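K.L.:
Quick one: sequence and predicted model below, then my questions.
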Amino acid sequence: MSRTRRILAEHAGLDEAAPGAFLEVPVDLVLANDVTAPLAIQEFGRLGRETVFDPARVVLVLDHFTPNRDVASAEQCAGVRRFALEHGIERFYDCGEVGIEHVLLPEEGLVRPGDVIIGADSHTCTYGALGAFATGMGSTDVGAAMGTGETWIKVPEAIEVLLTGRPRRWVGGKDVILHLIGALGVDGATYRSLEFTGEGVSALSVEGRLTIANMVIEAGAKNGIFPVDGQAVDFLASVGVDAVAAPVEPDRFGYSGEMTVDLSALEPQVALPSLPENAVAVGEAPTVRLDQVVIGSCTNGRMEDLRSAAEVLKGNRAAPGLRLIVIPGSARVYRQALDEGLFDVFLDAGAVISPPTCGPCLGGHMGVLAAGEKALSTTNRNFVGRMGHRDSEVYLSNPAVAAASAVTGSITDPGEIV
Amino acid sequence: MNGSVLQGRAHKLGDHVNTDLIIPATYLVSTDPAELGKHLMEGLDPDFVGRVRPGDMIVAGENFGSGSSREHAPLAIKGAGISCVIASSFARIFFRNAVNAGLPILESPEAVESIQEGDQLVVDLARGRIEDTTASVDFPVPAYPEFMRRIMDAGGLIDHLKSRA
């Protein structure tokens, strides 16, 4: 059985979970944010239960329109705050404790290998990087699970993604997943799981794997999942989670399709507007004048991302007229970046540093685009109008490419700057 | 939703109509279907909602509802008066959300290929049939899996869970 099927079978108390079967499974963690929690809370209320299934395992993060951009978003947050207080939600994150949810939960030690985690956010799939089954759902599904501690899942078929080789400099998790989405298409993995295996897994950092798992939804996948190797065990230990390393070797039983990615052959990738599947090598990207560069998000807002951007930006300045926005993904990342002196590099480069927020990624606030503007961003979606006006354009890349492009004002290979 | 017959005109859309197009994120500060419905498809075509009459149907290509998990998408579609969505295929999270929000969704690549903008449609959910009365053709729609039919028959997930309690 695939890793996903093993987790689902174990949670359902079965020996076997056949692809296509509908299972009712207990959940280990349920997540919602300030955009999806209001509706989840409303549906939870209709369920007629007085308490949530476990106040320690419902996580509420106010990260999307925060610090609040207007009265309507403030009212939504106020409602979530009241609910958290009333139900004794232990994992409620607000203001100075906030991180972008998918940066925050792993560093809070809330993700354990083998867990079933559902969240009212499509990028909940991020946690597969640490060997959990994690998937995004809507508010009603999440509101119901907040009450019952259970959900239903159609067991997915799996596509094995065999990773080989070692990535060259300036190539990381973002490039692997953009390349993969380019190969699969934005609906190439719909209803299925992407199961990563092979020696290449250990050639990628844990943060790089979080970036990869984060974007499997952009190929339509239900989830992505990585084996828990020694590096993952070390990361988990650093956040207080005990885990045992498992082999990364291919596990060829029960896969519906196979793909291979040779990490050593990958160039930094750029996804052109307006779908993440439009991936090309950075050298093949068209020459465009960029108005804005965003470095951050649940995809690329971790320490490794900021260090990589700072390495390129050090001693350089953003091109005249280009707006550079840096968004550390959590309070912990923010403090660490400050302690390491990265803020000096960003400020010297002319960047504005935002508090942790999803903000511009979804055209919410903190960097919305005007008509005709073009942005290069380390976020996950470049749909029409995603970052603002429907006549604006978004290109996607890794943080080093984003930093190099901020310096030149057009899409640039970091190797040309450093 | 069983037993009802829906009638309306077809509004054709292309492939990969994602939830940012269906309801741009800037409007996700309400959970009221009527309020959300005012901005339906604004990301794709700001004039779209002005052309919708109650009962009309969206007829779209592959991967309808991809992207964000926002359940505001099916709510906006309902709130604008759209009675059902026919598509060649649906994205996974949107499919669940539509079932939970009580929005009928039908998968039929054949119907999508045949139906033209503005065609008058009749959808019989109980019999699983889409009829294009403008072109005088009809299309069978495969039944939902038994597990999902129980949720739909109860009126959505919350009512299904309450009926079991």
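P.N.:
That came through fine. Numbering: from 1, shown residues only, chains lettered A, B, ... in the order given.

K.L.:
When you work out contacts or count neighbours from here on, use the C-alpha atoms and nothing else.
P.N.:
OK.

K.L.:
residues making contact with stretch A:141-148?
P.N.:
A:27, A:30-32, A:37, A:39-44, A:47, A:49, A:51-54, A:58, A:118-120, A:150-151, B:97, B:100, B:157-158 (Cα atoms under 8 Å, 6 or more residues apart in numbering or on different chains).

K.L.:
ok, 7 Å please
P.N.:
The contact list for stretch A:141-148, computed with Cα atoms under 7 Å, 6 or more residues apart in numbering or on different chains, reads A:30, A:40-41, A:43-44, A:49, A:51-53, A:58, A:119-120, A:151, B:158.

K.L.:
among these, which are in strands?
P.N.:
Counting by DSSP state E, the part of those found in strands is A:30, A:58, A:119, A:151.

K.L.:
Greatest separation within the residues you listed: which pair is it?
P.N.:
The span of the ones in strands among the contacts of stretch A:141-148, defined through Cα to Cα, is set by A:58 and A:151 at 13.7 Å.

K.L.:
Look at those two and report which has more neighbours.
P.N.:
Neighbours of residue A:58 and residue A:151, each counted by other Cα atoms under 10 Å in any protein chain shown, are more numerous for residue A:58; the result is 26 against 17.

K.L.:
hang on, isn't that one packed against residue A:31?
P.N.:
Yes: using Cα atoms under 7 Å, residue A:58 is in contact with residue A:31, at 6.0 Å.

K.L.:
sec struct for the closest residue to residue A:352 other than its chain neighbours, please.
P.N.:
Leaving aside its sequence neighbours, residue A:352 sits nearest to residue A:325 (Cα to Cα, 6 or more residues apart in numbering or on different chains; 5.1 Å). Here residue A:325 takes the strand state, with states given by DSSP: H, G, I helix; E, B strand; the rest coil.

K.L.:
List the contacts of residue A:325.
P.N.:
Shown in contact with residue A:325 (Cα under 7 Å, 6+ apart): A:293-295, A:351-353.

K.L.:
From those residues, list just the buried residues.
P.N.:
Among the contacts of residue A:325, those classed as buried by 16 or more other Cα atoms under 10 Å in any protein chain shown are A:293-295, A:351, A:353.

K.L.:
Near chain B, list only the ones from the residues you listed.
P.N.:
Filtering the buried ones among the contacts of residue A:325 for neighbours of chain B using Cα under 7 Å from any Cα of the partner chain leaves an empty set.

K.L.:
want to throw these into CSV with distance to residue A:82?
P.N.:
Shown next, in CSV, are the buried ones among the contacts of residue A:325 (distance: Cα to Cα, whole Å):
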residue, distance to residue A:82
A:293, 36
A:294, 33
A:295, 33
A:351, 36
A:353, 30
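
K.L.:
which one of the residues you listed sits closest to residue A:399?
P.N.:
Distance to residue A:399 across those (Cα to Cα) is lowest for residue A:295, with 6.1 Å.

K.L.:
Can you list phi and psi of that closest one for me?
P.N.:
Residue A:295 adopts backbone torsions of phi -120, psi 110, taken as degrees, to the nearest 10.

K.L.:
helices or strands up against the longest strand seen in chain B?
P.N.:
Ranked by number of residues, the top strand in chain B under DSSP E is strand B:5-12. Applying 3 or more Cα pairs under 7 Å, 6 or more residues apart in numbering or on different chains; DSSP states H and E, one finds that strand B:5-12 makes contact with strand B:57-60, strand B:120-124.

K.L.:
Which is the succeeding secondary structure element to the shortest one?
P.N.:
Tracing the chain past strand B:57-60, the next element assigned as helix or strand by DSSP states H and E is helix B:72-79.

K.L.:
is the helix or strand following that next one up against chain A anywhere?
P.N.:
From helix B:72-79 onward toward the C-terminus, using DSSP H and E, the following helix or strand is strand B:84-87. No: between strand B:84-87 and chain A, judged by Cα under 7 Å from any Cα, nothing touches; the nearest distance is 13.9 Å.

K.L.:
Could I get the CA-only coordinates of strand B:84-87 as PDB?
P.N.:
Taking C-alpha atoms only, strand B:84-87 is exported to PDB below (Å, rounded to 0.1, in the frame of the first residue of the first chain):
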ATOM      1  CA  CYS B  84     -26.400  24.200 -11.200                       C
ATOM      2  CA  VAL B  85     -23.000  23.800 -12.700                       C
ATOM      3  CA  ILE B  86     -22.300  21.400 -15.500                       C
ATOM      4  CA  ALA B  87     -18.600  20.800 -16.200                       C
END
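
K.L.:
Would you mark the buried spots in it?
P.N.:
By 16+ other Cα under 10 Å, the buried positions in strand B:84-87 come out as B:84-87.

K.L.:
For the one residue in the stretch 101-250 of chain A that gets nearest to chain B, give me the pLDDT.
P.N.:
Nearest to chain B, among the residues of the stretch 101-250 of chain A, is residue A:122, at 4.9 Å (Cα to the nearest Cα). pLDDT, residue A:122: 98.

K.L.:
Against residue A:74, how distant is it?
P.N.:
Going from residue A:122 to residue A:74 by Cα to Cα, to the nearest Å gives 23 Å.

K.L.:
and these two? which has more neighbours close in?
P.N.:
residue A:122 (26 against 17).

K.L.:
so the more buried one sits right up against residue B:69, yeah?
P.N.:
Yes: under the criterion of Cα under 7 Å, residue A:122 makes contact with residue B:69 at 4.9 Å.

K.L.:
Mutual contacts of the two, please.
P.N.:
Common contact partners of residue A:122 and residue B:69 (Cα under 7 Å, 6+ apart): A:136-137.

K.L.:
which other helices and strands contact the one helix or strand in chain B whose mean pLDDT sits lowest?
P.N.:
The weakest-scoring helix or strand in chain B, judged by mean pLDDT, DSSP states H and E, is helix B:146-154 (a mean of 87). Packing partners of helix B:146-154 (3+ Cα pairs under 7 Å, 6+ apart): helix B:157-164.

K.L.:
quick one: the helix it packs on to chain centroid distance?
P.N.:
Its chain's average C-alpha position is 22 Å from that of helix B:157-164, according to Cα atoms, centre = their mean, to the nearest Å.

K.L.:
Those residues of chain B touching chain A, which are they?
P.N.:
Proximity of chain B to chain A, by Cα under 7 Å from any Cα, involves residues B:20, B:25-26, B:28-29, B:31, B:43, B:63, B:67-71, B:91-93, B:97, B:100, B:158, B:162.

K.L.:
Mind checking which of these are buried?
P.N.:
When the residues of chain B next to chain A are checked for burial by 16+ other Cα under 10 Å, the buried set is B:20, B:25-26, B:28-29, B:31, B:43, B:63, B:67-71, B:91-93, B:97, B:100, B:158.

K.L.:
my read: residue A:178 touches residue A:278, true?
P.N.:
No: here residue A:178 does not reach residue A:278: they are 8.3 Å apart, not a contact under Cα under 7 Å.

K.L.:
quick one, helices of the stretch 301-418 of chain A?
P.N.:
In the stretch 301-418 of chain A, the segments counted as helices under DSSP state H, counting those that start in this stretch are A:303-313, A:331-339, A:342-348, A:399-408.

K.L.:
Deepest-packed of those helices, please.
P.N.:
Across the helices of the stretch 301-418 of chain A, averaging neighbours per residue (mean count of other Cα atoms under 10 Å in any protein chain shown) puts helix A:399-408 on top, at a mean of 29.

K.L.:
Would you confirm that residue B:60 contacts residue B:16?
P.N.:
No: taking contacts as Cα under 7 Å, residue B:60 lies outside contact range of residue B:16: 8.6 Å.

K.L.:
who has more neighbours, those two?
P.N.:
Between residue B:60 and residue B:16, counting by other Cα under 10 Å, residue B:60 is the more crowded of the two (29 against 22).

K.L.:
what ranges of the chain fall below the confidence cut-off?
P.N.:
Answering for chain A, as no chain was given. For chain A, applying pLDDT under 70 flags the ranges A:251-254.

K.L.:
wait, I meant chain B there
P.N.:
Residue ranges of chain B with pLDDT under 70: B:1-3, B:165.

K.L.:
Could you rerun that using 90?
P.N.:
Low-confidence segments of chain B (pLDDT under 90): B:1-4, B:102, B:125-127, B:142-150, B:152-156, B:163-165.
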